[in-house]
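Output the structure for:
(chains A and B)
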Amino acid sequence: MKRRTLISAALAGIALVATATASFAADWPKRPINLVVPYKAGGGTDAYARAISAAAEGILDVPVVVVNKPGSGGLNGANSVVGARPDGYTMMMTSGGSFLLSTMTRDTDIDALDSFEFVAQVGKLQTSLMVPKDSPFQSVQDVIDAAKADPGSLRWAHSGRGGFHHVGGLGFLANNGIEAQDVPFKGGGPTRAALIGSQADFGFLGVQQLAGFEDQLRALAVNSQERDGIMKDVPAFGELGIPFAAVSSPVIVFAPKGTPAEVVAAMETALEQIAAKPEFAELLASRGTGPVYQNGADAKATLSSMKEDAAPLVESLTN
Amino acid sequence: MEIFPALLSVITDPMLLFAIVLAAAVGMIVGATPGLTASAAIAMLLPITFYMSPLFALAFLYVIGKSGRYGGSIAAILFNTPGTAASAATQIDGYPLARAGKAGKAMKVATISSVIGDLMGDILLVVGVGFIAAIALKLGPPETFAIYFAAFVVIGSVIGKSIVKGLASALLGILVAMVGLDPISSEERYTFGSFDLSNGIGLVPLMIGVFVLGEVFAQLEERRKATGETKENESSADGNDLTWEEYKPCLPHAVRGGFIGAGIGLLPGLGSAIAAFISYGEGKRRAKNPEQWGNGALEGVAAPEAANNAVSGPSMAPLLTLGIPGSTIGAILLGVFLIHGIQVGPTLFLTDKELVYKLFACGMLGIFAYGLIGYFGATQVARLILKIPTNVLYPLIFMTAFVAAYSARGSMFDVTVMTCAGFVGWLMRKYDFNIAAFVISFVLAKGAEETFRQSLLMSDGGALIFVERPIALAFLILGAGAIAFRIRGIMKERKLAQGGLGDA
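Have a look, this model is predicted:
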């Protein structure tokens, strides 16, 4: 008798837990959602996260809290999210390109394509070829000609080796058969300052970095097939007919593996609505970026194809 | 002049004014508490400022730094223990004055001189910084490296009692700074395969550990030895008031101190303590009554106090225009700028000019705030500090240190770093190593290495790039000059010591 009570109690307990999990997914979200940004506050990805947090009001019933966990090229934050409880209350927003590259170049167990659930893409950061305002280079072709005339004489600045700006720049050099010495700076701001001061002949930096600095810098081309959605005045490598490596950085929201499918789907829908809000676009416009929405599956496909493009470049980098 | 509209907009913001007054009071209390420094307080308060707007956060911490420098003089005069290293020079004449029942008078001289020095520093900053920023845009890695080099040499040459221990402290700082990712190739160094170490050692946990926890440990040890009670000296009614006739001879010393402090503040790496001692020495040399200095001369309070506060403003110039923090406080303020997404460096004056001038305006108002509180209330502040029992104060500080270290980045690893740094700080204090040299070398080493290697990449490995660029060359010569000057000083001291003319 006693034994039977115990079993039934245990069964009841299991049943309770089961219903709790089921209703749990339906109830989501009940608590604030922590959105981990694996970079310092103030960067491009952080700007997206804060805009999401501000624009989520009215769409999600709970606040979205931005948590910055910088370090190790974005792997620090990723590490903390990959092991987080998959309950839909901890997610990560990261710069997909940089994240992908750091998982390829660093010693880590994280796989950008397999370790997380892709929720959605909400934005895109693109790198571009810029020169100081008083530079003799008026076009991309000028840069290529100068590099060919005297190989290795040019210096180019970027925001750190292994980042997507660096790999994008390497792709441009490799595809055009030219050589130049790179000078890494720490982050986009110092790179921009160095370029304004003509410390390098050209640089690869985020096209949004031009916003507000049109009098100091000249952007020759953005590293993509088509022009950027916001910085529309800058021509694209694609339209100029200049070969490049399609490395950009989609801003993607990831959830820990094992997050209930309903929760991922609900967040995906919420992000789609947030990205469509004019408020969201306004918040980003001042930083020179804008909304670029893709659902989770498409975002994963984009990142996979980028991995193929970047693989040979990364190979040359690690050797 | 951008400063006037900035002043106007700050004055008309009551919340901001309240923050300034609060910061002035907090800084004064912290500075006056022996063992607590303004840098420690700022490191501990940093996490709170994440939730404030950028101007609020920066103004709050900046004013604490200013008033903390001043607050140290209260403890120096009343208790004969410098509240901060910078007020050790004030103690020489301040404590004899207190013994003679003139504590109130001495504190008023300290207050007025601090205000004069601080204001001079700030005015020079406001006038000069735009000009420096315009030049800074033209400075590349070679020039920046030369400035780092000059700073390093100057730290090394004024490092304190033992040159060997001073250099060892600086080397330790550089070594700790090497942990993490190589700034150029992004390869791991000294990480021993640890993921956490690949981020490098954070400045905030390191500082909280060395300055706060280290001090708590040192106090624990002191208490076991059970020292005598510090008692307040009674002062007469006459000793509390200050007349213009009495301050008049102090004025030239305060103004000279202001210039000395401002000049020293411009060079990254030097601090208030050095400015105060140089100003004291210079003042004594030029004084009409040198025999009174050391036995309670009011001028001997005015000279170091003005210099120590004048450092505050100009030390912001290399920080804001080049991103080179000139002091530990500067290094933390740099972090605050980054947290709020403001890029410090030559482009700051293109992107956030308004904010910078508002910050300067807040600083100036902060000077008046601590001046007023100090002039009328310094004695009360001192009494308050005496009233808090240390067995309540230090456990509280101990706990806050852990909370602050954790909350800065939400990382348990940072707490470990802080605890280790605490032991290091305690041992360094115990064996007379130079903690300030350790921290400031830690701060400067990363930038120095990065700019050095960037320069070599620019020149294909040729070292001549530092000589070919005139500004870089000028700073290298300045550094070499500082070494030569110091060697001459040491030779002179030796001669004096041999001649038996020991002179403080």
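
biggest strand in chain A by residues?
Longest strand in chain A by number of residues (criterion: DSSP state E): strand A:116-125.

anything in it near chain B?
No: looking at strand A:116-125 against chain B by Cβ under 8 Å from any Cβ of the partner chain, there are no contacts, and the closest approach is 15.1 Å. Heads up, the C-betas are built off the backbone N, CA and C, glycines and all.

Now for the closest residue to residue A:44 other than its chain neighbours: which residues touch it?
Spatially, and ignoring its direct neighbours in sequence, residue A:44 is nearest to residue A:125 (5.0 Å; Cβ to Cβ, 6 or more residues apart in numbering or on different chains). Taking Cβ atoms under 8 Å, 6 or more residues apart in numbering or on different chains, we find residue A:125 in contact with A:44, A:45, A:95, A:97, A:164, A:206, A:208, A:248, A:249, A:250, A:251, A:289.

can you check residue A:95 too?
A:39, A:44, A:45, A:74, A:125, A:164, A:249, A:251.

List the contacts of the fourth one.
So that's residue A:74. Shown in contact with residue A:74 (Cβ under 8 Å, 6+ apart): A:38, A:39, A:94, A:95, A:98, A:99, A:102.

What is the nearest of those to chain B?
Minimum distance to chain B across the contacts of residue A:74 is 9.3 Å, recorded for residue A:102 (Cβ to the nearest Cβ).

is it fair to say the closest one lies in a helix?
Yes: per DSSP: H, G, I helix; E, B strand; the rest coil, residue A:102 lies within a helix segment.

Give me the pLDDT for the nearest residue to it once chain neighbours are set aside.
Closest residue to residue A:102 apart from its sequence neighbours, by Cβ to Cβ, 6+ apart: residue A:73 at 3.7 Å. pLDDT, residue A:73: 73.

so residue A:73 touches residue A:163, yeah?
Yes: counting by Cβ atoms under 8 Å, residue A:163 is a contact partner of residue A:73 at 7.4 Å.

Identify the contacts common to those two.
Taking Cβ under 8 Å, 6+ apart as the contact criterion, the residues that touch both residue A:73 and residue A:163 are A:98, A:101.

could you pull out the helices for the stretch 201-319 of chain A?
A:237-240, A:261-276, A:278-285, A:296-318 (DSSP state H, counting those that start in this stretch).

ok and the second one relative to helix A:278-285, angle-wise?
Regarding helix A:261-276 and helix A:278-285, their directions subtend 70 degrees when assessed with axes from the mean of the first three to the mean of the last three Cα atoms, to 10 degrees.

angle of helix A:261-276 against strand A:116-125?
Using the same axes, to 10 degrees: helix A:261-276 against strand A:116-125 is 10 degrees.

what do you get for the last one?
Direction vectors for helix A:296-318 and strand A:116-125, defined by the same axes, to 10 degrees, enclose an angle of 80 degrees.

which of the residues in helix A:296-318 are buried?
For helix A:296-318, burial by neighbour count (16 or more other Cβ atoms under 10 Å in any protein chain shown) applies to A:296, A:299, A:300, A:302, A:303, A:306, A:307, A:310, A:313, A:314, A:317.

give me the number of residues near the closest residue to the fifth one other than its chain neighbours?
The spatially closest residue to residue A:303, leaving aside those adjacent along the chain, is residue A:96, at 5.4 Å (Cβ to Cβ, 6+ apart). Residue crowding around residue A:96 was assessed by other Cβ atoms under 10 Å in any protein chain shown; the count is 28.

separation between the spatially closest residue to residue A:151 that is not a sequence neighbour and residue A:170?
Nearest non-adjacent residue to residue A:151, counting by Cβ to Cβ, 6+ apart: residue A:179, 4.9 Å away. Applying Cβ to Cβ, to the nearest Å, the value for residue A:179 to residue A:170 is 11 Å.

the more surrounded of the two?
The neighbour comparison of residue A:179 against residue A:170 (other Cβ under 10 Å) goes to residue A:170, with 23 against 13.

Could you check which helix or strand contains that one?
Element membership for residue A:170 (DSSP states H and E) is helix A:164-175.

and that helix, anywhere near chain B?
No: Helix A:164-175 stays clear of chain B (Cβ under 8 Å from any Cβ), getting no nearer than 9.3 Å.

Mind giving me the packing neighbours of that helix?
With contacts defined as 3 or more Cβ pairs under 8 Å, 6 or more residues apart in numbering or on different chains; DSSP states H and E, helix A:164-175 has these neighbours: helix A:96-105, strand A:127-132, strand A:155-158, strand A:181-184, strand A:202-206, helix A:296-318.
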